[in-house]
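J.: fold the stuff below for me.
(3 chains)
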Amino acid sequence: MTISREDIEKVAVLARIRVDDEQVSALENDLGNILDLVDQLSAADTDAVEPLAHPLDAVQRLRPDEVTETNQREAFQAIAPATENGLYLVPRVIE
Amino acid sequence: MQWDIVIGLEIHVQLATQTKIFSGSSTAYGAEPNTQANAVDLAMPGTLPVPNEQAFRYAVMFGLAVNAEIERRSVFERKNYFYPDLPKGYQTTQLERPIVGPGHVDIDLANGETKRVRIHHAHLEEDAGKSLHEDFHGMTGVDLNRAGTPLVEVVTEPDMNNAEEAVAFAKKLHSLVTSLGICDGDMSQGSMRFDVNISLKPKGSDTLGTRTETKNLNSFRFMEQAIAHEVERQMDILEDGGVIVQETRLYNGDRDESRSMRSKEEANDYRYFPCPDLLPVEIDDAFIEQARSRLPELPDARKARFKEQYGLNDYDAGLLSGDAKLSAFFEEAVSHGKDAKLTANWIQGEFSARLNAEEKTVTESPITGAQLGDLIVRIADNTVSSSGAKKVFESLWSGESDNVDAIIDAQGLKQVSDTGELEKMVDEVLAGMPDQVAQYQNEDDPKKRKKMLGGFMGPLMKASKGQGNPKLFNEILVKKLGG
Amino acid sequence: MHNKSVAELSRELESGKVSSVELAQQFLDRIKQQDGQFNSFISVTEDQALTDAKAADEQRAAGNATPWTGIPFAHKDIFCTSGVRTTCGSRMLENFVPPYNATVTENFRKAGAVCLGKTNMDEFAMGSSNESSHFGPVTNPWGLSKGEKRVPGGSSGGSAAAVAARLVPAATATDTGGSIRQPAALCGVTGLKPTYGRVSRYGMIAFASSLDQGGAMARTAEDNALMLNVMAGFDPKDSTSVDRAVPDYTATLNEPLKGLRIGLPKEYFSDQLSPAMEEQVRSAVKEYEKLGATVQEVSLPNAKLAIAAYYVIAPAEASANLSRFDGVRYGYRCEDPKDLMDLYTRTRAEGFGTEVKRRILVGTYALSAGYFDAYYLKAQKVRRLIQQDFINAFKEVDVLMSPTTPSPAFAQGEKTSDPVTMYLEDIFTIAVNLAGVPAMSVPAGFVDGLPVGLQIIGNYFDEARLLNAAHQFQQVTDWHQREPQ
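T.: Numbering: from 1, shown residues only, chains lettered A, B, ... in the order given. As a prediction, the model looks like this:
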């Protein structure tokens, strides 16, 4: 299985990772090899097999609707790259 | 060319839970920025979601109220995209197996007909935070208090054909979720947000046209305007031989204009997959029955009861049963005031007008249902005239006094209903207006006579200092003037 | 003291022969003197450790000691430690100091254990050699005396190397596709990956949520049991943790093995395995026969597809799990982002290393429109087939045994050029994670002076039986006591 440069560039945008031309070339090779490995899957007969998302056949537990958290803004924003007036700052978002 | 309009809605309903859908952080509105955003809400490394039972209970109640199938096994998926108000870089939502399956809602139209709008499904998901675009040195501020607030997203079939139907449906849904108590219904705070999908097709055609989605309409008025605007826009394009581009549009209600949100369209590939941090949620019969037992009276049932119990007509019953709080106000008023029709008139007239003028909700009204009921009693027993009643209403509203009878006494609004006294006044006034009396008695046309009768009322009210009972005055006049 | 096990140190502390503070200081000194050559620690928290040791001594004096009170150990730097930098081996979290503890961290604190620092690891636990760490590779203590720089395995390579070098008697670790067992094997220590859901994942930085599981690394099976006693249990903060009673895993260590039914999966004794490795593993199995176990061949017919399924599922989950590292709320942020796209793409390009980026891109691709069914859904179906293989095997036998790795520790740099070659390192360990069953790696001999690991796989929640089997083996062998020179 080969993966095209265009595919790699598209996926890199989706994943929000900048890649330069040189990296795209390396990725073309590496991802191609990984996808070759993964393509072994197509040999498996999986008709009538249900996908398995979780190893344990368990169901979700639900939590009572009670407030358990308190305001810890100071602690959390102490480790933030940029804040002002209690807000996280990011480059201007144009809607 | 004649066109058919096809409208489907997607409605985000914020659930009125105490805590977020996946964390124990408070959802109270109006807190300081990021004071209700904790480790899980901030997507701190290693943190994990644990779902809120109440969100499921509310979703099930909603499903039951729209006659829908409740899915016994629902699954959360991750919808992947990057945005500063989405801390995890994905929204946890339901795609393949939503909690609420197909259902329907019946809406009443102005022409008296009822129309059924089908619900495609409704699913649970988490709300995003808010980006504040006022300038922070060229930066945008992000408040994540809202991130993780539980939402039910309701998706309808494209069953509506004009703005009236869409708005009627939206209002009906609003009345449903507020009656259920699962949403505070406060649209100005974003508790309910509407996305409208609109397409046009040649009249009678079976093929749907390309649709656009107008997002985040947060009032019924804007919704109506946005639909009119978008229908016109599409019609112009189609009639000029153009094609509609499938896109998301943003409507500006203040300027009545819309524009494409190309940023949202850019390379959309949400890469949904089941969230591995959450397991399938199983809802059993006991849970459903418990939710069913918590269902309050719903608007349709209430409307039928108002007609039956209070003898209201269809129109009055419909208007008063829609909003749970207005319904409660009406019932409190009528339990004091007895006269249901008169109570209904006052609520839809004076009371609603004042609320609208001051942009207040029913719960913010300075007048209680009981007070309005007391006033209705005094109107019905002729203690006050309708103009006197309006003065009493003003005094109650302004908070001068909370007692109807005290206001009537203090302001001397009590009507004179003593016939002897009133007859004396009529005699005196007629004696002073011989020309008009003669003119009246020479007139044969009953319509004109009726009109001329009014000419005597002014002087009579003046003579009684405004306190004479107009109805009795009228009766006495007719008798004295000889029919 | 540094050669003693947790169980032995616990007895020393109890008898008063040594204090917690003395013990902490001795191990801290060893780390200071020796870790320059291994690089097994990312952070050493000396001040905090001595404070905690003092508190432990006081607790013991007050008569409130647990078996862990005052025992020095280390956390893999994937477990969040409140107030202590937690990097996950990444530049992205180089300066990240969480204001909260992982549940595992909390459990060790409550037991009174003294954490000496955070161990090195492959970045975001993605790797099998510890060469993808932003903080530099870890060197395996084995082979160093011959001047060889070999990998310790990964991703828990720092924990394995630190335990092997006697810098700590025990360390926590995590295992998504072999990240406990493979480094344990390559460093000659004993490691346990519990059943999925047995140990809380809360505060353990996620790689692939449906595969990740925290576990134990120490020199003996008995110490693994002591660790699991502290780590295991239901956590209301982790929806995937299992609400099931936790036995005392030390209570059954001495059960006799007579009648134990051992299965040898024929697919794991294939030509990928060198004859020298196979010989070591087979002779370990012979020891079990001497202890009264019976041995039969079994088959895991779909095991050969495990790597392929894993390299869809794990990257897919990782691609979403790592989206939160966006430079907005914590962690690395690029200099002077000119717009939002620039903030995201440069922060993530600069903050993540090559292997992490590679896996995010593979995962994004596998989930993207048009490929979802062929990759992700197909992999999940194969995952069920693999699980069914284990369910079937455990109808016939009590445990499965195999080599942990196809070969002993390889040289640094040997497999970094081709990611697929590196992935094949986990060929015997990955199926276990897909099925979610527990497994251990136990020292079982040497090839060319390098340790060989025996993998023991158990049925769901059968950790006690695995620990019992490993402990009995360690009563009749001394591979686990060998010390690198």
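
J.: list the buried residues for the strand or helix carrying residue C:288?
T.: Residue C:288 belongs to helix C:275-290 when assigned by DSSP states H and E. For helix C:275-290, burial by neighbour count (16 or more other Cβ atoms under 10 Å in any protein chain shown) applies to C:277, C:278, C:280, C:281, C:282, C:284, C:285, C:287, C:288. All C-beta atoms are positioned from the backbone trio N, CA, C, and that covers glycine.

J.: elements contacting it?
T.: For helix C:275-290, the elements it packs on are strand C:261-265, strand C:294-298, strand C:399-403, strand C:439-447, strand C:450-458, helix C:463-476, judged by 3 or more Cβ pairs under 8 Å, 6 or more residues apart in numbering or on different chains; DSSP states H and E.

J.: most tightly surrounded among the ones you listed?
T.: Highest mean neighbour count of the helices and strands packed on helix C:275-290: strand C:450-458, a mean of 28 (counted as mean count of other Cβ atoms under 10 Å in any protein chain shown).

J.: looking at that strand now, give me its mean pLDDT.
T.: Averaged over strand C:450-458, pLDDT sits at 98.

J.: okay, angle between that strand and helix C:275-290 too, please.
T.: Comparing the axes of strand C:450-458 and helix C:275-290 via axes from the mean of the first three to the mean of the last three Cα atoms, to 10 degrees yields an angle of 50 degrees.

J.: which residues touch stretch B:59-69?
T.: Contacting residues not belonging to stretch B:59-69 are listed as B:13, B:15, B:70, B:99-105, B:119, B:121-122, B:124, B:152, B:154, B:176-177, B:180, B:182, B:283, B:287-288, B:291-292, B:294-295, B:298 [Cβ atoms under 8 Å, 6 or more residues apart in numbering or on different chains].

J.: returning to that earlier point: pull the distance from the helix holding residue C:288 to the chain's centre.
T.: Relative to its parent chain, helix C:275-290 has a centroid offset of 24 Å by Cα atoms, centre = their mean, to the nearest Å.

J.: stretch C:86-93 too?
T.: Worked out by Cα atoms, centre = their mean, stretch C:86-93 lies 17 Å from the chain centre.

J.: likewise stretch C:123-130?
T.: Relative to the chain's own centre, stretch C:123-130 is displaced by 11 Å; criterion: Cα atoms, centre = their mean.

J.: these two touch, right, residue B:372 and residue B:342?
T.: No - look at residue B:372 against residue B:342 with Cβ atoms under 8 Å: they stay out of range, at 10.3 Å.

J.: comparing the two, which residue is more hemmed in?
T.: Between residue B:372 and residue B:342, residue B:372 has the larger neighbour count (other Cβ atoms under 10 Å in any protein chain shown), namely 26 against 18.

J.: okay, that one: pLDDT?
T.: Note on residue B:372: pLDDT of 89.

J.: do the one 10 residues further on as well
T.: Residue B:382 is assigned a pLDDT of 79 by the prediction.

J.: what of residue B:450?
T.: Looking at residue B:450, its pLDDT is 78.

J.: before we move on, back to that, how about the helices and strands packed on helix C:275-290 in JSON lines, adding distance to chain A?
T.: Below are these laid out as JSON lines (distance: least, Cβ to the nearest Cβ, whole Å):
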{"stretch": "strand C:261-265", "distance to chain A": "18"}
{"stretch": "strand C:294-298", "distance to chain A": "20"}
{"stretch": "strand C:399-403", "distance to chain A": "16"}
{"stretch": "strand C:439-447", "distance to chain A": "13"}
{"stretch": "strand C:450-458", "distance to chain A": "13"}
{"stretch": "helix C:463-476", "distance to chain A": "15"}
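
J.: got those as JSON lines, with distance to residue C:53 columns?
T.: Output for the helices and strands packed on helix C:275-290, formatted as JSON lines (distance: least, Cβ to Cβ, whole Å):
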{"stretch": "strand C:261-265", "distance to residue C:53": "42"}
{"stretch": "strand C:294-298", "distance to residue C:53": "46"}
{"stretch": "strand C:399-403", "distance to residue C:53": "38"}
{"stretch": "strand C:439-447", "distance to residue C:53": "29"}
{"stretch": "strand C:450-458", "distance to residue C:53": "31"}
{"stretch": "helix C:463-476", "distance to residue C:53": "28"}
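
J.: which among the ones you listed is found nearest to residue A:59?
T.: Set against residue A:59 and scored by Cβ to Cβ, these come closest in helix C:463-476, at 23.1 Å.

J.: that closest one: how far from the chain's middle?
T.: That offset, for helix C:463-476, works out to 18 Å (Cα atoms, centre = their mean).

J.: likewise stretch B:316-328?
T.: Distance of stretch B:316-328 from the chain centroid (Cα atoms, centre = their mean) equals 10 Å.

J.: export only the CA atoms of that stretch, formatted as PDB.
T.: Presented in PDB, the C-alpha positions along stretch B:316-328 are these (Å, rounded to 0.1, in the frame of the first residue of the first chain):
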ATOM      1  CA  ASP B 316     -56.900  30.300  24.800                       C
ATOM      2  CA  ALA B 317     -56.100  26.800  26.000                       C
ATOM      3  CA  GLY B 318     -53.300  26.500  23.500                       C
ATOM      4  CA  LEU B 319     -51.700  29.800  24.400                       C
ATOM      5  CA  LEU B 320     -51.900  29.200  28.200                       C
ATOM      6  CA  SER B 321     -50.800  25.500  28.200                       C
ATOM      7  CA  GLY B 322     -47.600  25.900  26.200                       C
ATOM      8  CA  ASP B 323     -45.300  27.400  28.800                       C
ATOM      9  CA  ALA B 324     -45.200  25.500  32.100                       C
ATOM     10  CA  LYS B 325     -44.700  28.600  34.100                       C
ATOM     11  CA  LEU B 326     -47.400  30.600  32.400                       C
ATOM     12  CA  SER B 327     -49.700  27.600  32.900                       C
ATOM     13  CA  ALA B 328     -49.000  27.500  36.600                       C
END
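
J.: which helices and strands does the helix-or-strand element of chain C with minimal mean pLDDT pack with?
T.: In chain C, the helix or strand scored least confidently by mean pLDDT, DSSP states H and E is helix C:419-423, which has a mean of 91. Using 3+ Cβ pairs under 8 Å, 6+ apart, the elements in contact with helix C:419-423 are helix A:21-38.

J.: any residue of the helix it packs on touching chain B?
T.: No - shown here: helix A:21-38 not in contact with chain B (Cβ under 8 Å from any Cβ of the partner chain), separated by at least 15.8 Å.

J.: also stretch C:303-321?
T.: Yes - Stretch C:303-321 comes into contact with chain B (Cβ under 8 Å from any Cβ), by way of C:316, C:317, C:319, C:320.

J.: I'm done for today, thanks for sticking with me.
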